[in-house]
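J.: Sequence isn't available, so here's the structure alone:
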């Protein structure tokens, strides 16, 4: 991949999802496990089901997965029917469903990385989809990390 913008997009997406490399970070904590996958690995289904300010980590996670699915569809020039509100209705998950949410998020992420690797250049629409995906995913990473703090505070009371 020779396109510097595609390299940068891939780097930032990898930091968002996989965490930073070698104690170096562009915007997350420069330590292992600070990306979305490392953060979610530490969450039980029970904690993922606790409502914080009207939503759950399970809903945040499924919404992040859904956004990646929409982005992947867009990059493949598909126009699927969308239901943005569906993921926000998730309140409780069991261990199996929680594992499924995490697996599906990882699958959508892997699909996105493969698509990025197949690109040679960027047009405005593709650039917007990819940059929007970084911003959206980083937002939800931050939201989930703040929700974890709130859940820990609740458990200490």
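T.: Good, I have the coordinates. Computed from a predicted model, the values in this text were never measured in an experiment.
J.: for the protein, what are the low-confidence residue spans?
T.: 1, 23, 157 (pLDDT under 70).
J.: now the helices for it?
T.: Secondary structure of the chain (DSSP state H): helices at 4-17, 36-41, 45-48, 57-75, 95-118, 124-155.
J.: and the fourth one, what other elements does it pack with?
T.: With contacts defined as 3 or more C-beta pairs under 8 Å, 6 or more residues apart in numbering; DSSP states H and E, the packing partners of helix 57-75 are helix 36-41, helix 45-48, helix 95-118, helix 124-155. Glycine gets a C-beta too; all of them are placed from N, C-alpha and C.
J.: if we go to 7 Å?
T.: helix 45-48, helix 95-118, helix 124-155 (3 or more C-beta pairs under 7 Å, 6 or more residues apart in numbering; DSSP states H and E).
J.: Which one of those lies nearest to residue 16?
T.: Judged by C-beta to C-beta, the one of the helices and strands packed on helix 57-75 that comes nearest to residue 16 is helix 124-155, at 4.8 Å.
J.: In the closest one, which residues are buried?
T.: The neighbour-count check on helix 124-155 (16 or more other C-beta atoms under 10 Å) flags 126, 129-130, 133-134, 136-138, 140-141, 143-144, 147-148, 151 as buried.
J.: Double-check residue 56 against residue 48; I have them as touching.
T.: Yes. Between residue 56 and residue 48 a contact is recorded at 6.2 Å, counting by C-beta atoms under 7 Å.
J.: Which one of those two is surrounded by more residues?
T.: Neighbour count, other C-beta atoms under 10 Å: between residue 56 and residue 48, residue 48 has more, with 27 against 22.
J.: Alright, I will stop here.
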